[in-house]
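Trainee: Predicted structure and sequence below. I'll ask about it afterward.
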Amino acid sequence: MTPEPKSGSLGEKKKATNSTFLRVARFMSFRVIMLFITIVIGVYATIMIANMGGYVDDIMRNNIKETVNLRVAAMTANTQTSTETRKQMAEEMIALEEKRLGLDTPFMVRSFRYLSNALQLNLGRALHMVSDNGSRQVKNIILERLPATLLLMGTSQLFLFFFSVFIALALSRSYGSFWDKLVITLSPTSAAPPWFYGIFFILIFAAVFKVLPFGGMVVSPPPDNTWDYILSVLKHLILPAGSLIISSLFISIYNWRTFFLIYSSEDYVDMAKAKGLPSRDIERRYILRPTLPTIITNFALLVIGLWTGATITETVFLWPGLGRTLFRAIGFYDTPVIVGSTIIYAYLLAFTVFFLDFIYALVDPRVKIGGGK
Amino acid sequence: MNKIKSFFTALKGYPSAIFGLIIVIALVVLSIYALIKIPYAEAIRLWRGGEEVWYQNPKNVPPAWFNYFTKEKLPESFAVKVGDDGLQKVVTPGEQGTSTIEFTYDFEFDFDQFPQEMFLYLKSNYTEKNPFISVYLITPDEREIRITDTGISRQQTYRFSQDEKLVRRLKGQDVMKGLFVLPATEPIQIVKGTYTLLIQGLVFEEGSDIDVEFVMHGSTYGIAGTDHARRDLAVPLLWGAPIAMAFGLLAAVGTSVLSMSIAAIGAWYGGWLDELIQRITEINLVLPFLAILIMVGTFYSRSIWTILGVTILLSIFTGSIKTYRAIFLQVKESTYIEAARAYGANDFRIVFRYLIPRMIPLLIPTLVSSVPSYVFLEASLAVLGLGDPVLPTWGKIINDAEVNGALYKGYYYWILEPAVLLMITGLGFAMLGFALDRIFNPRLRGI
């Protein structure tokens, strides 16, 4: 589609490609470094917050002291042990537990250890949390919850995205119609978050009509038959996915519709209409094409957004996903799990941002990589 | 003045804006009413109060207006004490310092169910010989049921259902049933009409007195119902309004004003300052917003003001700062800025008197539309159990209801009342913001 630049001699052309390569390489390395620095600072900030600058250490130390003292008291309840021995026992156990949790090294040292491990994606072991099959590895804890989150977020967000873009295109064609006005009228309902609709859904479908389950992901005990299992999961999926969709459906359609309308009032669209091109072609080539970078950006951010899960919706529906795991990890002061979740999101975000630049250049001929601001 | 007039004329074209504005104004009025009606300290005392504050209320009952929607009318709760309307106290002095004190109280009972329980809270003062009371209930069909005859101590609670003698006198049946049902009929028939509670007291000393409080725990209560701790839900529902408004408005104003000022400063000075602001925005993108709020709530403080501060801090450097910056970069080049520079205005003056005011039309719709998200953020944290430990908020009611299984047990009013209020608040601001966006953004006007 784009006209090839007419170059004079072969040498000139070679020089041009060379400089393009250099420009792209310089841009890329600059970008990578900047993104990496951003990740380092962002993750370190999260580590500091997850520890409240050492404040959480005090909480954990006090917790250890309390549990160890209780344990020692229980162990020596029926034996004759002198206070000295008891004290010594407690001290030994406290030291051991503090060593296990890494409390014997100063927080500053530990924070950098966390940081370097995180950056190498060496997620390490959780302090308190255990995965359902008994592993303390952060990786296993996260991987175990990932499918549930991907199922819930994937279904709802992908449906939401494609459905709203599709409907928005249709509405932008029949702008001012009844359905268009209906969407505009309903869009303020998206002010409420998904869990809010979730509560209403539970009330209506689970409590009053008793047709769908209150929460969870599968009936208990889980059915042996794979088919029944899938059916049961689907049944549990309807309400949480439905509330995730409904809470942003109208605003999403409205935003896309407005966006398409702005682009369809461009002069070149009018020109195409004047030429008598069929509306399908106008839509595809003159409206969708220039809006493609935005659509792709939104889609990419949506896909990495799946990773974070929906903490509150998962909590309300007792959905065993990553969002709820993160919430539980915070409740346990489990820094490795919190940091693990953050670093993976940060990397995903950085990769996406990095590759989006190339995708822009691919889909939009006006964009030149590293070509000025 | 003219500007304001033309603004309202433009607003008239948007029915949803009028509707939203009415809701917002109603909420402001409700908040002011709440603050005047129940002062802060009193609200906290009521919300944090236990049995000693709320003993008069039944547990987990729906509001009284629930009866409009049901066929079977549920009894309403009430409590009366000496000095209240309807409870009469007649003292007749007798011989040798004794006197009889007679209390009568008439109450309507037009319901299809029995009350949960009835109580007499009795107080008396005496030096040696304690007073004596006889209690009767006179039914609408003129039967006189003897409840109890007893000597009372200085402070005593009499529970109707737990009086063994009364149970025996009513032939072993449940006391509430025995009192309100026509005897020996099948199926049971509740006697409706005016009942009279009659308490005849006898004191044996000069200056000795009896004080009575009569409480009936029905199956409905007041305008909002009660929760698991017998608290009247009207208090937190009413007080939730000013808190939600304060949190939502402060967060919205704080965030948008700060991020706009920072964007203006960055765009004006440019150079490293601008770079720094851009980088901070990118770092902030990596930070997990909700997780950080949860961490602050869990580790540090659940106070609503701490959460508010952190929310504002994390919301300043977001995508909006980039939008503002892009527009400021354009405005920076316009001629009126050049004119200001020519007459020697300093940087500070240009940023705050020339750049920022130009952006206010853009700011207001965003500000108004962002209020609901903050109101719901507070509720979201409360639903996660990180609500303010002291203040009554709508989110905390929902959290209490969730924790106590309101949906499983069928106490729907408990969740619906705060949820509907949240919804109305959210819708009001969202509709207003939406219309304002269309009024102030000419690009959207035709669309």
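Mentor: Nice, I can see it.
Trainee: Please, which helix or strand holds residue 253?
Mentor: With no chain named, the answer covers chain A. helix A:226-264 (DSSP states H and E).
Trainee: my question was about chain B
Mentor: Using DSSP H and E, B:V253 falls in helix B:234-269.
Trainee: before we move on, what about B:M431?
Mentor: helix B:412-440.
Trainee: any idea of the mean pLDDT in stretch B:284-298?
Mentor: Stretch B:284-298 shows a mean pLDDT of 87.
Trainee: ignore the last one, stretch A:70-82
Mentor: Stretch A:70-82 comes out at a mean pLDDT of 79.
Trainee: which residues are contacting it?
Mentor: A:86, A:89-90, A:93 (CB atoms under 8 Å, 6 or more residues apart in numbering or on different chains). In short, each C-beta sits where N, CA and C put it, glycine included.
Trainee: out of the residues you listed, who's near chain B?
Mentor: Among the contacts of stretch A:70-82, none lies close to chain B by the criterion of CB under 8 Å from any CB of the partner chain.
Trainee: Any chance of TSV for those residues, columns secondary structure and pLDDT?
Mentor: What follows is these, written out as TSV (DSSP: H, G, I helix; E, B strand; the rest coil; pLDDT from 0 to 100):
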residue	secondary structure	pLDDT
A:R86	helix	82
A:M89	helix	83
A:A90	helix	84
A:M93	helix	86
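Trainee: Would you list the buried entries among these?
Mentor: Buried positions within those, assessed by neighbour count (16 or more other CB atoms under 10 Å in any protein chain shown), are A:86, A:89-90, A:93.
Trainee: Chain B: which of the residues you listed is nearest?
Mentor: Here the nearest of the buried ones among the contacts of stretch A:70-82 to chain B, counting by CB to the nearest CB, is A:M93; it sits at 24.8 Å.
Trainee: Any regions of the stretch 301-447 of chain B where pLDDT drops low?
Mentor: Residue ranges of the stretch 301-447 of chain B with pLDDT under 70: B:442-447.
Trainee: How about the residues of it by chain A?
Mentor: Going by CB under 8 Å from any CB, the residues of the stretch 301-447 of chain B near chain A are B:369, B:372-373, B:376, B:379-380, B:383-384, B:398, B:402, B:407-408, B:410, B:412, B:415-416, B:419, B:422-423, B:426-427, B:429-431, B:434, B:443-444, B:447.
Trainee: follow-up on the earlier one: just checking, next helix/strand downstream of the helix holding A:I253?
Mentor: helix A:267-275.
Trainee: distance of A:I344 from chain B?
Mentor: 11 Å (CB to the nearest CB, to the nearest Å).
Trainee: OK, contacts around the spatially most central residue of chain B?
Mentor: For chain B, the residue sitting closest to the mean C-alpha position, by CA atoms, centre = their mean, is B:L237 at 1.4 Å. By CB under 8 Å, 6+ apart, B:L237 lies in contact with B:224, B:394, B:397, B:417-418, B:421.
Trainee: can you rerun that using 10 Å?
Mentor: Going by CB atoms under 10 Å, 6 or more residues apart in numbering or on different chains, B:L237 touches B:30, B:34, B:223-225, B:392-394, B:397, B:417-418, B:420-421.
Trainee: possible to save these as TSV with distance to A:L318?
Mentor: Formatted as TSV, these follow (distance: CB to CB, whole Å):
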residue	distance to A:L318
B:L30	34
B:A34	34
B:I223	33
B:A224	28
B:G225	26
B:P392	26
B:T393	23
B:W394	22
B:I397	20
B:E417	24
B:P418	21
B:V420	24
B:L421	26
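Trainee: Can you lay out the residues you listed as TSV showing neighbour count?
Mentor: Below are these laid out as TSV (neighbours: other CB atoms under 10 Å in any protein chain shown):
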residue	neighbour count
B:L30	18
B:A34	20
B:I223	13
B:A224	23
B:G225	26
B:P392	23
B:T393	28
B:W394	27
B:I397	28
B:E417	24
B:P418	27
B:V420	13
B:L421	19
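Trainee: is the strand or helix carrying A:I37 up against chain B anywhere?
Mentor: According to DSSP H and E, A:I37 maps onto helix A:10-51. Yes - if you take CB under 10 Å from any CB of the partner chain as the test, helix A:10-51 does meet chain B, through A:34-35, A:37-46, A:49-51.
Trainee: Which one of those residues is nearest to chain B?
Mentor: A:G42 (3.2 Å).
Trainee: Would you mind measuring from that closest one to A:I49?
Mentor: Distance, A:G42 to A:I49, by CB to CB, to the nearest Å: 11 Å.
Trainee: which neighbours do the two share?
Mentor: Common neighbours of A:G42 and A:I49 (CB under 10 Å, 6+ apart) are A:342, B:287-288.
Trainee: ranking these by neighbours, who comes first?
Mentor: A:T342 (26 neighbours; other CB atoms under 10 Å in any protein chain shown).
Trainee: before we move on, what SS does that one have?
Mentor: Put simply, A:T342 is helix when judged by DSSP: H, G, I helix; E, B strand; the rest coil.
Trainee: pretty sure it is touching A:L326, no?
Mentor: Yes - with contact defined as CB atoms under 10 Å, A:T342 reaches A:L326; the gap is 8.9 Å.
Trainee: Find the residues that touch each one of those two.
Mentor: A:308, B:288, B:291.
Trainee: which SSE is the closest residue to the first one other than its chain neighbours in?
Mentor: Nearest residue to A:T308 in three dimensions, chain neighbours excluded: A:Y345, at 6.0 Å (CB to CB, 6 or more residues apart in numbering or on different chains). Take DSSP H and E as the rule and A:Y345 turns out to sit in helix A:335-363.
Trainee: Can you point out the buried residues in that helix?
Mentor: Those would be A:335-350, A:353, A:357, A:359-361, for helix A:335-363 by 16+ other CB under 10 Å.
Trainee: Show me what it is packed against.
Mentor: Packing partners of helix A:335-363 (3 or more CB pairs under 10 Å, 6 or more residues apart in numbering or on different chains; DSSP states H and E): helix A:10-51, helix A:107-119, helix A:138-173, helix A:289-305, helix A:322-331, helix B:271-286, helix B:289-295.
Trainee: Would you mind giving those helices as TSV with distance to B:R231 and mean neighbour count added?
Mentor: Listed next are the helices and strands packed on helix A:335-363 as TSV, based on distance: least, CB to CB, whole Å; neighbours: other CB atoms under 10 Å in any protein chain shown:
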stretch	distance to B:R231	mean neighbour count
helix A:10-51	35	15
helix A:107-119	42	16
helix A:138-173	35	19
helix A:289-305	39	16
helix A:322-331	27	24
helix B:271-286	40	16
helix B:289-295	27	21
